[in-house]
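Asker: structure here, sequence nowhere to be found:
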Ligand SMILES: [Fe+2]
(Lines give C-alpha, C1' and ligand atoms only; values in the text may rest on other atoms or scores of the structure.)
Protein backbone atom coordinates (compact mmCIF):
# COMPACT_ATOMS: atom_id res chain seq x y z
CA UNK A 1 0.00 0.00 0.00
CA UNK A 2 2.00 3.01 -1.20
CA UNK A 3 -0.31 5.77 -0.01
CA UNK A 4 -0.01 5.50 3.72
CA UNK A 5 1.56 7.70 6.40
CA UNK A 6 5.26 7.21 7.08
CA UNK A 7 4.81 7.64 10.83
CA UNK A 8 2.60 8.89 13.60
CA UNK A 9 4.12 12.26 14.34
CA UNK A 10 3.49 15.31 16.51
CA UNK A 11 0.84 15.78 19.15
CA UNK A 12 -0.96 19.02 19.86
CA UNK A 13 -2.34 19.35 23.36
CA UNK A 14 -4.25 21.97 25.31
CA UNK A 15 -2.74 23.33 28.49
CA UNK A 16 -3.99 25.86 31.01
CA UNK A 17 -0.88 28.01 30.97
CA UNK A 18 1.43 27.93 27.94
CA UNK A 19 4.25 29.78 29.72
CA UNK A 20 4.32 27.34 32.60
CA UNK A 21 3.94 24.25 30.38
CA UNK A 22 6.60 25.47 27.99
CA UNK A 23 9.06 25.72 30.87
CA UNK A 24 8.00 22.37 32.32
CA UNK A 25 8.28 20.40 29.05
CA UNK A 26 11.59 22.07 28.20
CA UNK A 27 13.06 21.21 31.59
CA UNK A 28 11.77 17.67 31.86
CA UNK A 29 12.48 16.53 28.29
CA UNK A 30 15.23 18.94 27.23
CA UNK A 31 13.23 19.94 24.15
CA UNK A 32 14.22 22.57 21.62
CA UNK A 33 11.81 25.48 21.27
CA UNK A 34 11.09 25.70 17.56
CA UNK A 35 8.47 28.44 17.56
CA UNK A 36 6.14 30.41 19.81
CA UNK A 37 2.90 32.29 19.26
CA UNK A 38 2.09 35.26 21.38
CA UNK A 39 -1.04 37.34 21.70
CA UNK A 40 -0.57 40.60 19.74
CA UNK A 41 -2.68 42.42 22.32
CA UNK A 42 -0.97 41.26 25.51
CA UNK A 43 2.34 39.84 24.33
CA UNK A 44 1.49 36.77 26.41
CA UNK A 45 2.51 33.31 25.19
CA UNK A 46 -0.40 31.44 23.56
CA UNK A 47 1.35 28.43 22.05
CA UNK A 48 4.77 26.78 21.94
CA UNK A 49 6.15 24.26 19.43
CA UNK A 50 8.83 21.94 20.82
CA UNK A 51 10.96 19.18 19.31
CA UNK A 52 13.48 16.54 20.42
CA UNK A 53 15.34 16.95 17.12
CA UNK A 54 16.07 20.54 16.11
CA UNK A 55 15.65 19.50 12.46
CA UNK A 56 12.00 18.59 13.07
CA UNK A 57 9.41 21.37 13.13
CA UNK A 58 7.74 20.00 16.27
CA UNK A 59 6.97 16.88 18.26
CA UNK A 60 4.57 18.61 20.59
CA UNK A 61 2.55 21.81 20.43
CA UNK A 62 1.19 23.33 23.64
CA UNK A 63 -1.87 25.51 23.14
CA UNK A 64 -3.18 27.59 26.01
CA UNK A 65 -6.86 27.34 26.90
CA UNK A 66 -6.85 29.24 30.19
CA UNK A 67 -6.63 28.59 33.92
CA UNK A 68 -10.33 27.69 34.31
CA UNK A 69 -10.33 24.88 31.73
CA UNK A 70 -11.28 21.48 33.18
CA UNK A 71 -8.47 18.91 33.20
CA UNK A 72 -8.50 15.48 31.55
CA UNK A 73 -11.01 13.10 33.14
CA UNK A 74 -10.37 9.47 33.98
CA UNK A 75 -12.37 6.83 32.08
CA UNK A 76 -13.22 9.30 29.37
CA UNK A 77 -12.75 8.47 25.71
CA UNK A 78 -9.61 10.11 24.35
CA UNK A 79 -5.89 10.10 24.82
CA UNK A 80 -4.40 7.93 27.57
CA UNK A 81 -0.81 9.07 27.32
CA UNK A 82 1.90 10.46 25.05
CA UNK A 83 5.08 8.37 25.02
CA UNK A 84 8.62 9.70 24.68
CA UNK A 85 11.11 7.16 23.47
CA UNK A 86 14.50 7.32 25.18
CA UNK A 87 17.63 6.34 23.25
CA UNK A 88 19.14 4.09 25.92
CA UNK A 89 18.22 2.41 29.19
CA UNK A 90 20.71 4.76 30.90
CA UNK A 91 18.78 7.75 29.55
CA UNK A 92 15.59 6.31 31.02
CA UNK A 93 17.36 5.84 34.37
CA UNK A 94 18.35 9.49 34.25
CA UNK A 95 14.73 10.45 33.58
CA UNK A 96 13.73 8.37 36.62
CA UNK A 97 16.16 10.34 38.80
CA UNK A 98 15.01 13.66 37.32
CA UNK A 99 11.38 12.95 38.14
CA UNK A 100 12.31 11.82 41.64
CA UNK A 101 14.40 14.93 42.25
CA UNK A 102 11.39 17.07 41.31
CA UNK A 103 8.94 15.07 43.43
CA UNK A 104 6.82 14.25 40.37
CA UNK A 105 4.69 11.18 41.13
CA UNK A 106 5.21 8.29 38.72
CA UNK A 107 4.90 4.56 38.28
CA UNK A 108 7.02 2.09 36.33
CA UNK A 109 5.92 -0.85 34.20
CA UNK A 110 7.94 -3.61 32.53
CA UNK A 111 6.34 -4.58 29.21
CA UNK A 112 8.92 -7.27 28.38
CA UNK A 113 10.09 -5.61 25.14
CA UNK A 114 10.04 -2.19 26.75
CA UNK A 115 9.96 -0.48 30.12
CA UNK A 116 8.00 2.69 30.78
CA UNK A 117 7.77 5.38 33.43
CA UNK A 118 4.31 6.95 33.70
CA UNK A 119 3.57 10.42 35.00
CA UNK A 120 1.54 13.52 34.19
CA UNK A 121 2.24 17.07 33.12
CA UNK A 122 1.10 19.98 35.34
CA UNK A 123 -2.41 19.83 33.80
CA UNK A 124 -2.83 16.08 34.21
CA UNK A 125 -2.04 15.07 30.62
CA UNK A 126 -0.70 11.49 30.68
CA UNK A 127 2.94 10.96 29.72
CA UNK A 128 5.29 8.03 29.43
CA UNK A 129 9.06 7.93 29.01
CA UNK A 130 10.18 4.54 27.81
CA UNK A 131 12.98 2.43 26.43
CA UNK A 132 12.25 -0.31 23.88
CA UNK A 133 14.56 -3.12 22.88
CA UNK A 134 15.54 -3.34 19.21
CA UNK A 135 13.29 -5.74 17.27
CA UNK A 136 15.94 -8.49 17.01
CA UNK A 137 16.12 -8.69 20.82
CA UNK A 138 12.38 -9.19 21.36
CA UNK A 139 12.52 -12.97 20.99
CA UNK A 140 8.73 -13.02 20.48
CA UNK A 141 6.26 -12.33 17.70
CA UNK A 142 3.70 -10.32 19.60
CA UNK A 143 5.35 -7.66 21.75
CA UNK A 144 2.83 -7.47 24.61
CA UNK A 145 0.51 -10.44 24.94
CA UNK A 146 2.86 -13.43 24.90
CA UNK A 147 3.98 -14.74 28.27
CA UNK A 148 7.68 -14.09 28.74
CA UNK A 149 10.38 -13.21 31.16
CA UNK A 150 10.36 -9.71 32.50
CA UNK A 151 13.20 -8.09 34.40
CA UNK A 152 15.49 -7.54 31.43
CA UNK A 153 15.82 -3.86 32.24
CA UNK A 154 17.77 -3.45 35.46
CA UNK A 155 17.76 0.06 36.87
CA UNK A 156 16.89 2.35 39.75
CA UNK A 157 13.25 1.20 39.41
CA UNK A 158 13.99 -2.41 40.48
CA UNK A 159 12.48 -2.13 43.95
CA UNK A 160 9.50 -0.09 42.75
CA UNK A 161 8.80 -2.65 40.00
CA UNK A 162 8.87 -5.58 42.38
CA UNK A 163 6.11 -3.91 44.42
CA UNK A 164 3.76 -2.76 41.64
CA UNK A 165 1.25 -4.94 39.83
CA UNK A 166 1.41 -5.00 35.99
CA UNK A 167 -0.39 -2.06 34.41
CA UNK A 168 -1.84 -3.65 31.28
CA UNK A 169 -4.02 -0.66 30.47
CA UNK A 170 -0.98 1.48 30.01
CA UNK A 171 1.03 -0.41 27.40
FE1 LIG B 1 2.47 3.51 26.31
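Answerer: On my side now, so go ahead. Not measured: the values here are computed from a predicted model. Residues are numbered from 1 along each chain as shown.
Asker: what ranges do the helices span in the protein?
Answerer: Ranges of helices in the chain, per DSSP state H, are 18-29, 89-101, 158-163.
Asker: can you give me the end-to-end distance of stretch 8-28?
Answerer: 22 Å (C-alpha to C-alpha, to the nearest Å).
Asker: now stretch 80-94: mean pLDDT?
Answerer: In this model, stretch 80-94 carries a mean pLDDT of 97.
Asker: okay, domains of this structure per the record?
Answerer: For the chain, automatic domain parsing gives the domain ranges 11-64, 82-163.
Asker: the lowest-mean-pLDDT helix or strand in the chain - contacts with which helices or strands?
Answerer: Using mean pLDDT, DSSP states H and E, helix 158-163 stands out as the lowest-scoring helix or strand of the chain, at a mean of 88. Judged by 3 or more C-beta pairs under 8 Å, 6 or more residues apart in numbering; DSSP states H and E, helix 158-163 is in contact with strand 107-110. (Each C-beta comes from the backbone N, C-alpha and C, glycine too.)
Asker: check which residues of the strand it packs on are buried.
Answerer: 107-110 (16 or more other C-beta atoms under 10 Å).
Asker: count the residues that sit near residue 70.
Answerer: Residues near residue 70, counting by other C-beta atoms under 10 Å, number 9.
Asker: what does the chain have sitting close to the ion?
Answerer: Contact residues (C-beta under 5 Å from the ion) of the chain with the ion: 83, 128.
Asker: so which residue of the chain lies furthest out from the middle?
Answerer: What lies farthest from the middle of the chain is residue 41; by C-alpha atoms, centre = their mean that is 32.9 Å.
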